[in-house]
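Below are the sequence and a predicted model; questions follow.
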Amino acid sequence: MTNLFSVFDPSTSMFNMSMNWTSTLIGMFIVPMMFWVIPSRLNIMWNLITMTLHKEFKNLLGPNSMNGSTFMFISVFSLILFNNFMGLFPYIFTSSSHLVFTLTLSLPLWISFMVYGWFNHTQHMFAHLVPQGTPAVLMPFMVCIETISNLIRPGTLAVRLAANMIAGHLLMTLLGNTGSSLSYYLLSVLLLTQIALMTLETAVSIIQSYVFAVLSTLYSSEVN
């Protein structure tokens, strides 16, 4: 291990093909067969989740949004949630902890919002650069600040998801490597700590996928 973060580097291969990124799609293969039998309990639960997200995203997008636009963000939520959960299993490459994965999601979304907004609602986009009630003296500075904050949005979306996924996994890896040199008493404490961290990581994986989807929805609602 060359450095602390090398545990997150792609490492497995088969027939000279990298097998790490298969974890991005492998979630679909472990979904139980009973999920596809309608109406199963899993299917009903997932329908409730998607309908709740649909109603919330619809409120965030506003009444002028196009029909069906919420399902794009629900799909993003589902994809990130699958990958975050897959990363909790041993020996599976956590694809959502890499900027290659997170930037691939955030950049196209942000660019499409910007292109649509500046071409169709140019005055509205210019108005966003100066918050309401800003003094005339501060207007040039506010334009610079708002422009910078707008430009770094895809980066903050991507880094937030990747950093949150790396942080917990890295802590668990560091604690797990000390297990062989501990006494039985300390080992039991370590196991309890790892179980607590695992629970926390499960919550983080859900929260981060939700945060990514909600922020993407808010960014899209600004260009309407």
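That came through, no problem. Here the structure is a predicted model, which is why all the values come from computation and not from measurement. Numbers count the residues shown, from 1 in each chain.

alpha carbons only for contacts and neighbour counts from here, please
OK.

Find the nearest non-adjacent residue to residue 80, please.
In space, not counting the residues next to it along the chain, residue 80 is nearest to residue 209; the distance is 5.4 Å by C-alpha to C-alpha, 6 or more residues apart in numbering.

tell me the contacts of the one you found?
77-78, 80-81, 84, 161 (C-alpha atoms under 8 Å, 6 or more residues apart in numbering).

Now which of those would you call buried?
Among the contacts of residue 209, those classed as buried by 16 or more other C-alpha atoms under 10 Å are 77-78, 80-81, 84, 161.

farthest pair in these?
Largest separation among the buried ones among the contacts of residue 209 by C-alpha to C-alpha: 78 and 161, giving 14.2 Å.

mind showing which ranges of this protein have poor pLDDT?
Applying pLDDT under 70 to the chain flags residues 1-18, 34.

show me where it has strands.
For the chain, strands defined by DSSP state E occupy the ranges 13-14, 17-18.

Pull the residues that contact stretch 114-121.
Residues from elsewhere that reach stretch 114-121 (C-alpha under 8 Å, 6+ apart): 125, 223-224.

Pull out the buried residues from stretch 172-180.
residue 172.

List the contacts of that stretch.
187, 190, 194, 197.

In helices only, show me those.
In helices, defined here by DSSP state H, the members of the contacts of stretch 172-180 are 187, 190, 194, 197.

nearest spatial neighbour of residue 158, skipping sequence neighbours?
Ranked by C-alpha to C-alpha, 6+ apart and with sequence neighbours excluded, the top spatial neighbour of residue 158 is residue 102, at 4.7 Å.

contacting residues around that neighbour?
By C-alpha under 8 Å, 6+ apart, residue 102 lies in contact with 96, 157-159, 161-162.

now the helices: where do they sit in the protein?
Counting by DSSP H, the chain has helices at residues 23-30, 41-61, 70-86, 99-120, 122-128, 139-151, 153-177, 184-221.

Columns distance to residue 92 on top of those helices, output as CSV?
Listed next are the helices of the chain as CSV, based on distance: least, C-alpha to C-alpha, whole Å:
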stretch, distance to residue 92
helix 23-30, 7
helix 41-61, 24
helix 70-86, 7
helix 99-120, 15
helix 122-128, 43
helix 139-151, 33
helix 153-177, 12
helix 184-221, 15
